[in-house]
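> fold the following.
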Amino acid sequence: MPPMKQLLLLLSILLSASAHAQESAVSADPAAASEAVLLRPDWKPLFAACGATGSVVLFDAARNSWIASDTADWRTETLPASTFKIVNLLIALETGVISSEQDTVRWPGSTDTALYGYRPEIYHDMTVQEAFTESAGWAFIELAKKVGRDQYKALLARAGYGNGKLSERGTDFWNFGAFGISPYDQVRFLRALYNRSLPFSAAHLDVVRRVLVSERTAHYSISAKTGWTRHGGVNTGWWVGWVESKRGTVFFATRLLQDRKKARADFGSCRKEITRTVLRSLGAL
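Residues are numbered from 1 along each chain as shown. Okay, here's the model as predicted:
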C-alpha cells in the first residue's frame, strides 16, 4: 500500500474513534439559519498529510446538519475550475445551446496546451455526456462561446452560483480571473440541484443530475465532479457532489490549496482520498 494511503487509513481509524467526541461540539452559523454546524477540526490533518491546506464541508440531509473541518475556509471564495461544468451544463441546456447530454460538440481543431495540458485522447468530436465524464475543457469552452457573457451573468445570478465577478477576458472565467465560489455555496447549490428547487426547467435539472452520476455500487452511489486550476501559482483542487446510501444523502465539497512551488504528485488523488476518508468515518460509504 502506498505510504500516503497508509497514512490516510491510519487517520481514518483515528477519526472514527474520535467522531462522537468531536461531533458534540456544535455551533451556529447565521447563513445556515436553523441548521446546526458540527465542527470537525480533527479532519484538518488529512490536508496536512497531502501537503495542502483547505477544508471539507458536508450537509447531512438525514440529520439536517452541516459538518465542516472549520467555518473560516468554508466561506472563502476561489475559482471553481471544472466543478463549474455542473452549472455550465445546466446553463447550456437552459439557453438552448444544447438540447440534451447526447448532443455532439465539434472538436475545434486546436486548444491551448500550455494552459490546459496535453490530452490527445480527448481531441475529437464527443457528446456532452462524454465531455463531462472526461472533463474535456475544450468542449465546455465551445459551449460557453455560444452562451455568451450576458446570459452567464443573468443565469448564474438566478442559480445563486458564485460571486458574479466575470471580468476575466478569456472565455473560461471559471479557471482564471476573479470569479469564485466557496465550499459552503458549492454545497448549497448542490442541495438545490438535488432537490430540484433551482429556478430552472425540471427537465434540464434532471439531465444534469443524470450526467453527474459517477459511481454506483451495491451500497451507495456518488454523483460528483472534480476540478483543478493552477491559476495564480496555486493548485486549487475540488471534489464536490453527493453520496446516496441507506444512511441517507450527504452533500460534500472538498477543496485543497497548495503552493505550486511545493507541488506534489498526489495532489489530484488527495481530493478524493480525503473526501472518501471523511465519508467512511461518517458511515456514508
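> beta partners for residue 221?
Counting by DSSP bridges, residue 221 is bridged to residue 216, residue 244.
> now do the contacts for the residue nearest the centre of the chain.
By Cα atoms, centre = their mean, the chain has its centre lying nearest to residue 240, at 2.8 Å. Residue 240 makes contact with 83, 86, 183, 186, 187, 190, 224, 225, 227, 252, 253, 254 under the criterion Cβ atoms under 8 Å, 6 or more residues apart in numbering. Bear in mind the C-beta positions are built from the backbone N, C-alpha and C, glycine included.
> relative to residue 251, how far out is the fifth one?
Meaning residue 187. Note on residue 187: its distance to residue 251, by Cβ to Cβ, to the nearest Å, is 5 Å.
> now the common contact residues for these two.
58, 59.
> where do the strands sit along the stretch 1-150 of the chain?
Residue ranges of the strands in the stretch 1-150 of the chain, as given by DSSP state E, counting those that start in this stretch, are 26-28, 36-39, 53-60, 65-68, 104-105, 126-127.
> now these in TSV, with mean neighbour count and distance to residue 202?
Formatted as TSV, the strands of the stretch 1-150 of the chain follow (neighbours: other Cβ atoms under 10 Å; distance: least, Cβ to Cβ, whole Å):
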stretch	mean neighbour count	distance to residue 202
strand 26-28	12	33
strand 36-39	18	30
strand 53-60	24	22
strand 65-68	22	27
strand 104-105	17	24
strand 126-127	18	22
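> the ones you listed: which one's closest to residue 152?
Nearest of the strands of the stretch 1-150 of the chain to residue 152, taken as Cβ to Cβ: strand 104-105 at 17.7 Å.
> would you confirm that residue 190 contacts residue 241?
Yes - in this structure, residue 190 is within contact of residue 241 by Cβ atoms under 8 Å, at 6.6 Å.
> identify the contacts common to these two.
By Cβ under 8 Å, 6+ apart, the residues touching both residue 190 and residue 241 are residue 251.
> just checking, residue 172 is part of a strand?
No - per DSSP: H, G, I helix; E, B strand; the rest coil, residue 172 lies outside any strand segment and is coil.
> show me where the stretch 1-150 of the chain has helices.
Assigned by DSSP state H, counting those that start in this stretch, the helices in the stretch 1-150 of the chain fall at 3-23, 44-48, 85-94, 113-116, 128-133, 137-147, 149-159.
> quickly, which of the ones you listed bottoms out on average pLDDT?
Lowest mean pLDDT within those: helix 3-23, at a mean of 47.
> how about the strands of the stretch 151-285 of the chain, start to end?
According to DSSP E, counting those that start in this stretch, the strands that the stretch 151-285 of the chain contains are 213-216, 220-229, 234-245, 248-259.
> which strands or helices does the shortest one pack on?
Strand 213-216 is packed against strand 220-229, with contacts defined by 3 or more Cβ pairs under 8 Å, 6 or more residues apart in numbering; DSSP states H and E.
> residue 226 against residue 132, yeah?
No - judged on Cβ under 8 Å, residue 226 makes no contact with residue 132 at a distance of 11.3 Å.
> same drill for these two, tell me which one is more crowded.
The residue with more neighbours, out of residue 226 and residue 132, is residue 132; 23 against 19, by other Cβ atoms under 10 Å.
> residue 231 contacts residue 175, correct?
Yes - look at residue 231 against residue 175 with Cβ under 8 Å: they come within range, at 6.5 Å.
> rewinding a little: for PyMOL, write the select line for the buried members of the contacts of residue 240.
PyMOL command restricting these to the buried ones, with burial defined by 16 or more other Cβ atoms under 10 Å:
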select buried, resi 83+86+183+186+187+190+224+225+227+252+253+254
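> and which of the contacts of residue 240 is nearest residue 116?
residue 227 (13.1 Å).
> residues near the nearest residue to the closest one once chain neighbours are set aside, how many?
Counting by Cβ to Cβ, 6 or more residues apart in numbering, residue 227 lies nearest to residue 81, which is 3.3 Å off, once chain neighbours are set aside. Per other Cβ under 10 Å, the neighbour tally for residue 81 reads 24.
> where does pLDDT dip in this structure?
The chain contains residues with pLDDT under 70 at 1-34.
> buried set for stretch 212-223?
Result for stretch 212-223 [16+ other Cβ under 10 Å]: buried residues 212, 220, 222, 223.
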